[in-house]
Each structure stands twice: as structure tokens, then as C-alpha cells.
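Asks: Have a look at this fold, sequence not included:
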């Protein structure tokens, strides 16, 4: 059984490395494709997809690989009646690990690319469109995670969540932060991936609203977890379904 200390370490490391991937690939993209914003975004999003998927595979068995306060809050809310999911104390502890982890990840990325270790971003991102984009991005993320969980397909989370975030980089105007801890972490790098402190509160408010909408949608679509006997999976060996030959 995983102790809380191990789970918090996984959340700190996972959130930190996720921000490191986002910020580090953003810095690399700026250096490699200085005059092509579209190519910069492609490089940034591709690295994030692969990095996020791997982090979920490695750390998911330890902590659930939330790396995101709104995911942790949704897990707590979903399990509050049945006693599943995070407890209130665990929720506070998870968020307390995720936010510092995100900051540490940004600092690490800065150092790797010979930037000043601690910077404050100057990239102001708040527009009506960006905030709507954050609502959509976060609602979709929560919907993906809990649709898989409630239909017995959580094993697909690494691929599905990474794929969703990769696509949301492109179809949302905000490039899909969808994560308060990542948002705070990105304040500490004045690079392609940074966000100015003045934009943070509005982004986090949009993320909370998006998470709420996504959770409500899942509650309407899947009010209860689907029983294991009702989960339909494609057979791997159709011939094995025929049963033993008659004698």
C-alpha cells in the first residue's frame, strides 16, 4: 500500500517534470524556430504529449498521476460519499505538493537552458477568448479522465489524456493550460510558455469553472460507474469465444 509520503513525492516530481517539459520544450522551440510561432507550438505540444504520457505511466501506480489540483479536487468530490478517492487531508496535501512541484519544474527548465533560474513571466494572456478556451480545455480534460474511470478503462489514461492535451494545444485559444499548478509554475519562466502573474487568477478561475462543467457532464452521462460485467471489450482471440469442441 502506498503511503501518503510516497504519493506526495510522486505528485511533486510528476508536476515538476510536466512543467519542466512544457517550459523546456518552449525554450527549445524559441531557440530552434525563432521566427515561426506555428512550428514553436508544434514542437512544444509534441514534447508535452510524449512527456505527459510517460509521466502518467511511471507515476500513476503510485499516486494516480493527478499532477493537477482540479483533477485532485474532482477525485475528492467524486469519492466523498463512498469513501473512495482522496480524503480532504489528502486533497490539501496533494495540492501542497503539486504547486511547489510546478514552480521547481520551471526553475529546472530555466537552468537547463542557461536562463536565469528564477524569472517572472511578462506574457499577458487574459482575453475573453483565452478564458473561454481554458474553460473548454479543462472541462474536456476532466471529462476524459472520469469517462475512462467510470467505464473501467483507466488503463487507457496515459494515451487518452496525453492525446487530449496535445489536441487542445491546437483547438483552444489558450493552448490548454487546464491546470492551476502548471499555470503557477509557468509564471516563473519569462519564455514562450510563460504567463504573467496578472493573468493567473483569471486562468485558474476559468479552470475551476471548466472542471466543474466537465464533472457535471460526466455525472449526467455516467451517473454511476459501469459494472464490470457491462463493459464491452473487443475480443483478442475470437476463436477462444467458441468454447471447447463438442465431443
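Replies: Okay, I see it. Keep in mind that what you see is a predicted model, and the values were worked out from it rather than measured.
Asks: helices or strands up against the lengthiest helix in the chain?
Replies: As assigned by DSSP state H, the longest helix anywhere in the chain is helix 4-32. For helix 4-32, the packing partners by 3 or more CB pairs under 8 Å, 6 or more residues apart in numbering; DSSP states H and E come out as helix 37-63, helix 88-112, helix 180-186. Any C-beta I mention is one placed from the backbone N, CA and C, and that applies to glycine too.
Asks: just how off-centre is the second one within its chain?
Replies: Just to be clear, that refers to helix 88-112. 13 Å (CA atoms, centre = their mean, to the nearest Å).
Asks: what's the angle between it and helix 37-63?
Replies: 140 degrees (axes from the mean of the first three to the mean of the last three CA atoms, to 10 degrees).
Asks: Can you list the buried residues in the helix or strand just after helix 88-112?
Replies: Of the helices and strands lying after helix 88-112 in sequence (DSSP states H and E), the nearest is helix 128-150. The neighbour-count check on helix 128-150 (16 or more other CB atoms under 10 Å) flags 130-131, 133-150 as buried.
Asks: what helices or strands is helix 128-150 leaning on?
Replies: helix 69-78, helix 157-171, helix 197-221.
Asks: Residue 118 against residue 187, yeah?
Replies: No - contact between residue 118 and residue 187 fails when scored by CB atoms under 8 Å: they sit 10.3 Å apart.
Asks: When those two are compared, which one has more neighbours?
Replies: Shown here are residue 118 and residue 187; by other CB atoms under 10 Å, residue 187 has more neighbours (21 against 13).
Asks: Residue 31: what's its closest spatial neighbour, skipping adjacent residues?
Replies: Nearest non-adjacent residue to residue 31, counting by CB to CB, 6 or more residues apart in numbering: residue 113, 7.7 Å away.
Asks: Count the neighbours of that neighbour for me.
Replies: The number of residues near residue 113, taken as other CB under 10 Å, comes to 15.
Asks: That one: what's it in contact with?
Replies: 24, 27, 28, 31 (CB atoms under 8 Å, 6 or more residues apart in numbering).
Asks: Going by distance to residue 164, which of the residues you listed wins?
Replies: residue 24 (21.3 Å; CB to CB).
Asks: for the chain, which spans come out with low pLDDT?
Replies: Counting by pLDDT under 70, the chain shows low-confidence ranges at 1-2, 81, 83, 225-247.
Asks: what about 50?
Replies: Per-residue confidence for the chain (pLDDT under 50) gives these ranges: 1, 228-247.
Asks: Which residues are in contact with residue 50?
Replies: residue 162.
Asks: swap the cut-off to 6 Å and go again
Replies: Contacts for residue 50 (CB atoms under 6 Å, 6 or more residues apart in numbering) come out as none.
Asks: isn't residue 176 right next to residue 169, touching?
Replies: Yes - contact criterion CB atoms under 6 Å: residue 176 and residue 169 qualify, at 5.4 Å.
Asks: The two: which is more packed in?
Replies: Neighbour tally, residue 176 and residue 169, criterion other CB under 10 Å: the higher count belongs to residue 176, 25 against 20.
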